[in-house]
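*Asks:* fold the following, please.
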Amino acid sequence: MNYKNVKKDITVIGGGLAGVCAAISAARNGKSVSLVQNRGILGGNSSSEIRVWVCGATKHGVNRYARETGIMGELFLENQYRNPDGNPYFWDMLLLEKVKDEKNISLFLNTEVSEIDLIEGEKENKIKSVTGWTIGAETKTKFESEVYLDCSGDGFIGALAGAKYNLGRESRYKYNELLAPEKEDKILLGSTILFYTKDAGHPVKFIPPNFAKDISKTSIPKNRVIKSNDSGCCYWWIELGGEVDIVKDNEIIKDELWALVYGIWDYIKNSGNYDADNLTLEWVGSIPGKREYRRFIGDYVLNQNDIIEQTEFDDRIAFGGWSIDLHPEKGIYEESCGSRNIQADGIFHIPFRSTYSVNVSNLMFAGRNISASHIAFGATRVMATCATIGEAVGLAAAMCIEYKIIPRNLYMKHIKKLQQILLRQDGSIIGIKNEDMEDKARSASIMASTSLKKIEVVNSNDEYRLTTDIGILFPIENRVEDIEILISSLEQTTLEVELWDTGRAENYIPKNLLKKKKVQVEKGRNKWVKSDFVLESEVARNLFLVVKANDKITIHLSYEQLTGVLSFTKKAIKNTNLDDYIGINPIVEWSMKEMARKEFCFRIHGETNAYSPGKIIDGYSRPYGGPHMWISEDIKDTDEWIQLEWENDIEINEIHITFNDDVNEDLINLHHHYTDFSVMPELVKDYKVSIWKDNKWEVIASKKNNRKRKEIFKNVGKILANKIRVTIESTNGCRKAEIIEVRVY
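*Replies:* Modelled structure (predicted):
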């Protein structure tokens, strides 16, 4: 047997997306990291072993402008470029590459951590070391660090350390959660094994194993949607284990899930109900994908009310947007639906206090085991959300090492610094402004070649009959003198229009009615109809124009997208038994699924400041009450540029540029849906960075074929200059140049 002793600043246990992003974040902030994973590949539930879609705050397009940025955002964009068909092995490869690129990370695969050395205290414990066994290498390794991150999902190391945790459902009264049961119990969300199929091009028979479940004798065919062309995560409802111990009974659950998978495939192939002669099994998962187990207790326990009310925590370090997604304890055998959802009006925030142990001083956690009630966990558990928490916790761990303090003291003394560094590295925080005193761009004067001053979509490619209400969201910053929409009408009629605000700056559905009008419309085609709405706003915010249903009218539709403008259709939604608690949420009713990269034709009279050059230093790096970016007019014969200028020369060591990658576009790692482009069209493609020197522009950096949201030019040479210019030569498909933020250090 081999023995090793590894000393690093931080040990991360668990190589799912939370652990991967935590390790990368800590490493990029200058700390040495041991990343310990008990499987042979990274990615956890998203890996090729289990193959769950990486879902997050977008909720498959329900939430607007909600796709994650930071490290998770990097992964989404790079996977989109390399892996548009969703090959799970290419996803594995990308995660491994990203970890190996970080020289501060030492990766230990196939290593199960099962021993711990503690300093036990009267009120708190402290972890001295953990020890793992590497399968196949006959190696035992002791990992020593100052800070430990349990990103394992199941939370075994935290449990060994004596960290307090919850298991199962709390009572309704513990956190005043209407969705919780009257009495606490041990019910959990279950585990799932998935399968892939392919068309072999010739008839393929299937002889089921004798352990396969005969599902024709169960309620499954009646109560679940089975399709021969579905595979992978479409079968998320093959779920078991909610009534038993997900970990202790893991092998029993696995055997039953295998029996179900082969039984379902037998039913598809041999029942005669499906056209499946040429289909065959390509892959069947070998281990169950777990949804829930231990949830550690931190200084704050996130709960249902925080999700629904979108609590704006002062210590927020990440956001989510998945619904409170609750599954029945009987899983696949439940007579009713396999999941029930309640959606907040938009994204929700996650506090730092929910990411460290209340009683183990140097233990932090990220992923599905954070400090949340069972109900709130239903929304926080999805992997892209876990990844953003991981990035924040990795940074926090690095700061704990830097300041020689425990996480609780970091919260008490340095939470604003943590948030500002997260913003600097493009982390997923909404509603917190850049106040970095080291960012010299904040004191610059900004000018640009051009800027977009009119909000209008006027080129019609199609028409949409108003059989349902439609909505148009747009930013306002200055004065709206009138709003016109382009319609055609079969006869003289009355059109009803309403103007709403969205309430919170991070929300994108109508909240408060401001004005409404009835407009007389004459028969005819291609008519601009005035609303006569006049409104002024010195503060940037979004407005929502509702056009009420009228089947005599069609509204014109453009296939050109304008950043900051969204178009919606209103759909009738069926009630579920969970909706009785809060009613049907308008975020579900107001859908963009028909309107992806399409806009209703409209125009606003009056100039806007919503896209002015100064937006690149206004402090916000993602949409929040407006787009918060500079947008040029259409790129024509000459390049577009934006320029920062100071009264005197400044020393320049780093330049950060954040381009628009349209965080409204829902991306996914595997095969939930296909996106037509491999690089976001809004991203700037070719550009150069210049300084003003000796009365001329000198190029100090340039990039061709860019596909990144954020680029950092480091060590540019301690340049002295009083002007910086970013020149955009081309984009990846957008007609305008779009830049979100420029920072200078």
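
*Asks:* in contact with Glu481, which residues?
*Replies:* By CB atoms under 8 Å, 6 or more residues apart in numbering, the contact list for Glu481 reads 534, 604-606. In short, each C-beta sits where N, CA and C put it, glycine included.

*Asks:* not counting sequence-adjacent ones, nearest residue to Gly56?
*Replies:* Ala384 (2.6 Å; CB to CB, 6 or more residues apart in numbering).

*Asks:* wait, the one you found touches Val54, no?
*Replies:* Yes - using CB atoms under 8 Å, Ala384 is in contact with Val54, at 5.3 Å.

*Asks:* the stretch 201-350 of the chain: strands as residue ranges?
*Replies:* Here the stretch 201-350 of the chain has its strands, by DSSP state E, counting those that start in this stretch, at 239-240, 279-284, 295-296, 316-320, 324-326, 340-342, 348-351.

*Asks:* between Ala384 and Val54, which is the more surrounded one?
*Replies:* Higher neighbour count among Ala384 and Val54: Ala384, with 29 against 26, using other CB atoms under 10 Å.

*Asks:* can you tell me the average pLDDT over the helix or strand the more buried one falls within?
*Replies:* According to DSSP states H and E, Ala384 maps onto helix 383-403. If you average the pLDDT over helix 383-403, you get 98.

*Asks:* so, low pLDDT: which residues of the stretch 451-600 of the chain?
*Replies:* 574-584 (pLDDT under 70).

*Asks:* would you map the strands across it?
*Replies:* 456-457, 462-466, 470-480, 482-489, 493-501, 512-521, 524-530, 535-547, 550-558, 566-570, 590-591, 599-600.

*Asks:* mean neighbour count and distance to Lys217 for the ones you listed - can I get that in a markdown table?
*Replies:* Shown next, in a markdown table, are these (neighbours: other CB atoms under 10 Å; distance: least, CB to CB, whole Å):
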| stretch | mean neighbour count | distance to Lys217 |
| --- | --- | --- |
| strand 456-457 | 20 | 56 |
| strand 462-466 | 16 | 47 |
| strand 470-480 | 22 | 48 |
| strand 482-489 | 21 | 57 |
| strand 493-501 | 18 | 53 |
| strand 512-521 | 13 | 55 |
| strand 524-530 | 14 | 60 |
| strand 535-547 | 18 | 51 |
| strand 550-558 | 20 | 48 |
| strand 566-570 | 22 | 43 |
| strand 590-591 | 20 | 39 |
| strand 599-600 | 24 | 52 |
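
*Asks:* nearest to Lys183, out of those strands?
*Replies:* strand 590-591 (37.3 Å; CB to CB).

*Asks:* beta-bridge partners for Phe604, please?
*Replies:* If you look again at residue 604, you'll see it is Ile, not Phe. Counting by DSSP bridges, Ile604 is bridged to Ile483.

*Asks:* thought it was touching Val480?
*Replies:* Yes - counting by CB under 8 Å, Ile604 does reach Val480; the two are 5.6 Å apart.

*Asks:* so which strand or helix has Ile24?
*Replies:* Element membership for Ile24 (DSSP H and E) is helix 17-28.

*Asks:* count the neighbours of Ile430 for me.
*Replies:* By other CB under 10 Å, the residues close to Ile430 number 26.

*Asks:* next: the one 4 residues further on.
*Replies:* Neighbour count for Asn434, taken as other CB under 10 Å: 18.

*Asks:* ok, now Glu334?
*Replies:* 18.

*Asks:* before we move on, what about Arg424?
*Replies:* Neighbours of Arg424 using other CB under 10 Å come to 18.

*Asks:* pretty sure it sits against Glu435.
*Replies:* No - applying CB under 8 Å, one finds Arg424 not in contact with Glu435, separated by 10.8 Å.

*Asks:* skipping adjacent residues, who's closest to Ala259 in space?
*Replies:* Leaving aside its sequence neighbours, Ala259 sits nearest to Lys213 (CB to CB, 6+ apart; 4.4 Å).

*Asks:* for that neighbour, give me its contacts.
*Replies:* With CB under 8 Å, 6+ apart as the criterion, the residues that contact Lys213 are 256, 259-260, 262-263.

*Asks:* now it: phi and psi?
*Replies:* phi -80, psi 130 (degrees, to the nearest 10).

*Asks:* and it, how far from Pro84?
*Replies:* Computed as CB to CB, to the nearest Å, the Lys213 to Pro84 distance reads 36 Å.

*Asks:* cool, and Gly16?
*Replies:* Counting by CB to CB - Gly16 and Pro84 are separated by 23 Å.

*Asks:* same check, this time on Pro208
*Replies:* Per CB to CB, Pro208 is found 35 Å from Pro84.

*Asks:* about what we covered before: looking at Gly16 and Pro84, which is more packed in?
*Replies:* Using other CB under 10 Å as the criterion, Gly16 and Pro84 rank with Gly16 on top: 28 against 14.
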